[in-house]
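> Predicted model follows, preceded by the sequence.
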Amino acid sequence: QVQLVESGGGLVQAGGSLRLSCAASGSIFGINAMGWYRQAPGKQRELVADITSGSSASYADSVKGRFTISRDNAKNTVYLQMNSLKPEDTAVYYCNAKTIVKVTTNYKYLEVWGQGTLVTVSS
């Protein structure tokens, strides 16, 4: 019903920048929060940043001042601008969206995940 397609990952040197994008498509009535999570090898998935439909953003302490999350509601797209990247930022980054979908005559909440995009920061 709803798909998230991510792009923008890759290999970058420490101190460099990358911009991730995530576009939602499908039978979407609305999207509440959108966010980015990451999972490094051997570690649990963690929240990096999220943003409400009103563009109120929050960040993990480890990325504050370096990463910026934004969204384009008209395009159902969320972005993550990552600056001053560090080797410890290396992980698979996952997009997340808390959507509202219409099923026949009813509406329901549906949380959706992207397939993940790998970010590798070399030292």
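Okay, I see it. What you see is a predicted model, and the numbers here were worked out from it, not measured in a lab. Residues are numbered from 1 along each chain as shown.
> Can you say which helix or strand has the most centrally placed residue in the chain in it?
Nearest to the geometric centre of the chain sits W36, at 2.8 Å (CA atoms, centre = their mean). W36 belongs to strand 28-39 when assigned by DSSP states H and E.
> same question for whichever helix or strand comes after that strand, mean pLDDT?
With elements assigned by DSSP H and E, the helix or strand that comes after strand 28-39 is strand 46-51. In this model, strand 46-51 has an average pLDDT of 98.
> So E46 is in contact with A60, correct?
Yes: using CB atoms under 8 Å, E46 is in contact with A60, at 6.6 Å. To be clear about C-beta, it is placed using only N, CA and C from the backbone, and glycine gets the same treatment.
> who has more neighbours, these two?
A60 (15 against 12; other CB atoms under 10 Å).
> Could you check how far the closest residue to the more buried one other than its chain neighbours is from S27?
Setting aside the residues directly before and after it, A60 is nearest to V48 in space (CB to CB, 6 or more residues apart in numbering), at 5.5 Å. Applying CB to CB, to the nearest Å, the value for V48 to S27 is 27 Å.
> Report the beta-bridge partner residues of Y37.
Counting by DSSP bridges, Y37 forms beta bridges with L47, Y94.
> low-scoring stretches of this protein, by residue?
Counting by pLDDT under 70, not a single residue of the chain qualifies.
> where along it do the strands fall?
2-7, 10-13, 18-26, 28-39, 46-51, 57-59, 67-72, 77-82, 91-103, 106-113, 117-122 (DSSP state E).
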